[in-house]
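Participant: Could you work out the structure for the sequence below:
(2 chains)
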Amino acid sequence: MSSLVVEEATLSLGGRDLFGPLSFGVEPPKPTTLIGPSGVGKSSLINWIGGHLPPEFRTTGRVLLNGRRIDELVPEKRRVGILFQDDLLFPHMTVRENLGFALPRTYRGRARQLRIDDALDKAGLGDLGGRFPHQLSGGQRARAALLRVLLAEPQALILDEPFSKLDQSLRQSFRAAVFAIGQERGLPILQVSHDPSDAEAAGGPVISLTAPARFPFDKIMPLR
Amino acid sequence: MKRWKGLSRGLFVAPIVIPVAVGTVIAVLPAFGYFPALGGDRFSLAPWRALFAAPGLATSLMTTLIAALLASFFSLLLAFFCVYHADGYRRLPILRAAGAILATPHAALAIGLAFVLAPSGWLFRLWSWCCGPLDVPPDWTIIQDRNGLALALVLVIKETPFLILTGYAALGRLGAPHYLQAAQALGYSRAIAWAKIVAPQLFRQWRYPLLAVIAYAFSVTDMAQIVGPNAPPTFPLRILQWMNDPDISLRFTAAAAAVLHLVLVGGFLLAGGVLLRLLGQAFRPWLSNGSRDFPRWLCLSANVLLGGVSMSLVLLAATSFAMLILWSLAGLWPFPDPWPMDMSLDHWRDQSGMILRIAAPAILLALAASVLAAALAIALLEIAAGAGAALPLLYVPLVFPDIVFMLGIAFLLILFGIQGSWPAILWAHLLFVFPYFYLSLADSWRTLDPRYRRSARSLGAGRWRVLFRITLPLLRGPLAQGLAIGFAVSLSLYLPTILAAAGRLETLATAAIQLSSAGNRHVTALYALAQCAVIWLAFSLAHRAGGHV
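Facilitator: Purely as a prediction, here's the structure:
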């Protein structure tokens, strides 16, 4: 079975430890949710998994994807698909071109076009392939971004709060679609969230990162 | 309210755009023989006949074209390479070197370069010192060569930093880091993601600075005077010579030549634009064909070759500057010696009075122009705030060949009899200082978080108070930087000073350029250095005042 495993991870920045040794495994079908207050290092952890951590950080530990160690690879070799907070569709390319950018070169000629058409149709974006990202609605953009990640054929999916900027109804339906596709493909999914409803909807394990209180809010109470 | 905004914006842009338009139109009249103030009462083709009969016209046009083409192409190539590396971990050294070269006035750089590369220059002295003595300088024309290669070289050194800094600023606006991350998560290496994602967007953002560089390369007069060919000189220089000739009838020839110049530059830009568009179309399928590999040898050889060229150019610029210092201090320094026989401050002592007399009015002019430009730009931004208007019209004086509309403006000043007056000179300088100031401030102004202003308004501060207590203090750095840039631009302006002042105002720039042809290296170096010193003083003051620049 496919899995994303984090072993004994520690991250520190400028001599300050963000969190202690942390180990967990992510396995399909249910997405694993990482929650915790802001500043605790959730984003840094997934940036580390994705390979986007700035060099100022010090890290120890390992990341294994399907038994293969990936934390020492360059980002493009890790095969970890990431849905970011913003859709990050490339503004100078049409939706089709964005999808083509992601699709591996092994698909050529007619097969390539068919693969893209098929993906567009299934996502209900059938006739929008020729549009530029700025000509789409928020929901359409979110779906196009998801398609783009999946077409690159990742072996795991990381969700960096991709639902947080969507409105309530869109959020629920898009979230359900992402989870369903992940399950269908047997992809390990790790999501990061502030929102408890994301964890509920996932229905999988929840990892709660806690940090020592940094600012004593009770000290300013006498001001009242 | 909205209409008022549009109108007032128009009012501010008018003093910049109208002169360019009017100047161009006015240059067309004498080109066809009509300019009663100079005795041309009716339209005729005589100026054109005179122009095409001018000896060496084809050579002038060819050298101008070659120098401009080479300079534009290599500046763009090097800048592209440097911006790619400035986006990574080599940011600071690249941006610092670019900033230093950009802050060096054109004339000083060209003069220093001539001191290095000329047959009697330092390179051959060094050669003679270490590889066997030469008795006389080799009989080669390196500086002022017939093909304009030396001119192209100086243009590349001077224009690449401008493209690097504008390109780097554009990267910030594109949000490039996030897109690169997304592309890497899709399996692309940084280099190829940069080529497919960042580069196409960068070119779109780069088009105005690029146009400015090309137009500048075609129309340059100050550096052409120093390192360009002189028998015959480049085309813009010949226009200037005809315009300043004691024989008044040649001014009509100058006007015809300016019109021809405009047509040629316009045609070239049009052809270049079409070519780039076709190239873009040709490359478009490659963007989305899914290919993730980049030939490694291409990456490697580009790094070695372009990196080597960039570093040699920086080294050359630094050596040029060192030569200026050496010559200003040198006593006797006969040919094959690599070092002067003795050094002293004699030249500085002898010339300081004269330099001060020339520098003072130029500095006053530069101060007045930059402060006035600042007031105009702040008013414009405050009124247009929120509209987010880039006001591409302001690029007009930078993109349009200055030799053309400045010629028309000179005709206009002749017509009103105010050529050489202070307001006329100040206005001519403002035409160039204002766009530079505006462009250097506009980005920071627009990216300033509007919530600071909103929360200040909600705390009860009026519009003026917000401007002076919140907006301007927050923008202290860019403001100081903009003032320094405006000051430097004014102090380096050559053509507008010559044409608007009609020889009645000598500035450090015009003096250095005139001296460079007289051949006294000691004194020429002094004036070039004095110009550098004043400009660098302005930048360091701005650096202090702005906290950070």
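
Participant: contacts, neighbours, all on C-alpha from now
Facilitator: Noted.

Participant: low-scoring stretches of chain A, by residue?
Facilitator: For chain A, the stretches with pLDDT under 70 are A:1, A:211-224.

Participant: Get me the contact residues on it for chain B.
Facilitator: By Cα under 8 Å from any Cα of the partner chain, the residues of chain A that approach chain B are A:50, A:52, A:74-82, A:84, A:88-90, A:92, A:97-105, A:149, A:152, A:154.

Participant: How about the secondary structure of the residue of the stretch 101-250 of chain B found nearest chain A?
Facilitator: Closest to chain A within the stretch 101-250 of chain B is residue B:187: 3.8 Å, counting by Cα to the nearest Cα. Three-state assignment for residue B:187 (DSSP: H, G, I helix; E, B strand; the rest coil): coil.

Participant: What residues does it make contact with?
Facilitator: A:75-79, A:102, A:152, B:292 (Cα atoms under 8 Å, 6 or more residues apart in numbering or on different chains).

Participant: What score does it have for pLDDT?
Facilitator: Note on residue B:187: pLDDT of 91.

Participant: Over to residue B:179?
Facilitator: So, for residue B:179, pLDDT stands at 92.

Participant: That one: which element?
Facilitator: Taking DSSP states H and E as the definition, one finds residue B:179 inside helix B:176-185.

Participant: Which elements pack onto the helix or strand following that helix?
Facilitator: Once helix B:176-185 ends, the next helix or strand along the chain (criterion: DSSP H and E) is helix B:190-193. In terms of contacts (3 or more Cα pairs under 8 Å, 6 or more residues apart in numbering or on different chains; DSSP states H and E), helix B:190-193 is packed against helix B:176-185.

Participant: Would you mind pulling the contact partners of the helix it packs on?
Facilitator: Against helix B:176-185 from outside (Cα under 8 Å, 6+ apart): A:50, A:52, A:75-76, A:78-82, A:84, A:88-90, B:190, B:193-194, B:197-198.

Participant: how far does that helix sit from the chain's center?
Facilitator: 33 Å (Cα atoms, centre = their mean, to the nearest Å).

Participant: Dump that helix to PDB, restricted to CA.
Facilitator: The C-alpha coordinates for helix B:176-185 follow below in PDB (Å, rounded to 0.1, in the frame of the first residue of the first chain):
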ATOM      1  CA  ALA B 176       7.700  34.500  -9.300                       C
ATOM      2  CA  PRO B 177       8.700  32.500  -6.200                       C
ATOM      3  CA  HIS B 178       5.200  31.000  -5.700                       C
ATOM      4  CA  TYR B 179       4.800  30.000  -9.400                       C
ATOM      5  CA  LEU B 180       8.300  28.500  -9.300                       C
ATOM      6  CA  GLN B 181       7.300  26.400  -6.300                       C
ATOM      7  CA  ALA B 182       4.100  25.200  -8.000                       C
ATOM      8  CA  ALA B 183       6.100  24.300 -11.100                       C
ATOM      9  CA  GLN B 184       8.700  22.400  -9.100                       C
ATOM     10  CA  ALA B 185       5.900  20.500  -7.400                       C
END
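
Participant: buried set for that helix?
Facilitator: B:176, B:179-185 (16 or more other Cα atoms under 10 Å in any protein chain shown).

Participant: Return the member of these nearest to residue B:246.
Facilitator: Comparing the buried residues of helix B:176-185 against residue B:246 with Cα to Cα places residue B:176 closest, at 55.7 Å.

Participant: Check which helices and strands the longest helix along chain A is in contact with.
Facilitator: Of all segments of type helix in chain A, defined using DSSP state H, the longest is helix A:168-185. When contacts are defined as 3+ Cα pairs under 8 Å, 6+ apart, helix A:168-185 sits against helix A:138-151, helix A:196-202.

Participant: To residue B:476, which of those lies closest?
Facilitator: Short answer: helix A:138-151, nearest of the helices and strands packed on helix A:168-185 by Cα to Cα, at 37.7 Å.

Participant: ranges for the strands of chain A?
Facilitator: Using DSSP state E, the strands found in chain A span residues A:4-13, A:16-26, A:32-35, A:57-65, A:68-69, A:80-83, A:156-160, A:189-193, A:206-208.

Participant: can you list these in a markdown table and add mean neighbour count?
Facilitator: A markdown table is the format used below for those (neighbours: other Cα atoms under 10 Å in any protein chain shown):
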| stretch | mean neighbour count |
| --- | --- |
| strand A:4-13 | 18 |
| strand A:16-26 | 16 |
| strand A:32-35 | 22 |
| strand A:57-65 | 17 |
| strand A:68-69 | 14 |
| strand A:80-83 | 26 |
| strand A:156-160 | 23 |
| strand A:189-193 | 25 |
| strand A:206-208 | 15 |
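
Participant: Indicate which one of those strands is closest to residue B:84.
Facilitator: Closest among these, once you apply Cα to Cα, is strand A:57-65, at 23.5 Å.

Participant: partners of the closest one, with directions?
Facilitator: Here strand A:57-65 has these sheet partners by DSSP bridges: strand A:4-13 (antiparallel), strand A:68-69 (antiparallel).

Participant: And for the first one, what's in contact with it?
Facilitator: Residues external to strand A:4-13 that are found in contact with it (Cα under 8 Å, 6+ apart): A:17-27, A:44-45, A:56-66, A:156, A:188.

Participant: tell me the contacts of residue 107?
Facilitator: Unless you meant another one, I'm taking chain A. By Cα under 8 Å, 6+ apart, residue A:107 has no neighbours at all.

Participant: The intended chain is chain B.
Facilitator: With Cα under 8 Å, 6+ apart, residue B:107 has these contacts: B:222-223, B:226, B:492, B:509, B:512-513, B:528.

Participant: Stretch B:119-127: how far from the chain's middle?
Facilitator: Worked out by Cα atoms, centre = their mean, stretch B:119-127 lies 29 Å from the chain centre.

Participant: wait, I meant stretch B:36-47
Facilitator: The answer for stretch B:36-47 is 34 Å, by Cα atoms, centre = their mean.

Participant: first vs last residue of it, how far apart are they?
Facilitator: 15 Å (Cα to Cα, to the nearest Å).

Participant: mean confidence score for that stretch?
Facilitator: Stretch B:36-47 shows a mean pLDDT of 87.

Participant: So which residues on chain B come close to chain A?
Facilitator: Checking chain B against chain A by Cα under 8 Å from any Cα, the hits are B:178-179, B:181-182, B:184-189, B:197, B:200-201, B:287-292.

Participant: again, only using 6 Å
Facilitator: B:184-189, B:288-291 (Cα under 6 Å from any Cα of the partner chain).

Participant: what sits against residue 24?
Facilitator: Looking at chain A here, since you left the chain open. A:5-6 (Cα atoms under 6 Å, 6 or more residues apart in numbering or on different chains).

Participant: Wait, chain B was what I had in mind.
Facilitator: So, once contact is read as Cα under 6 Å, 6+ apart, residue B:24 ends up touching B:405, B:408.
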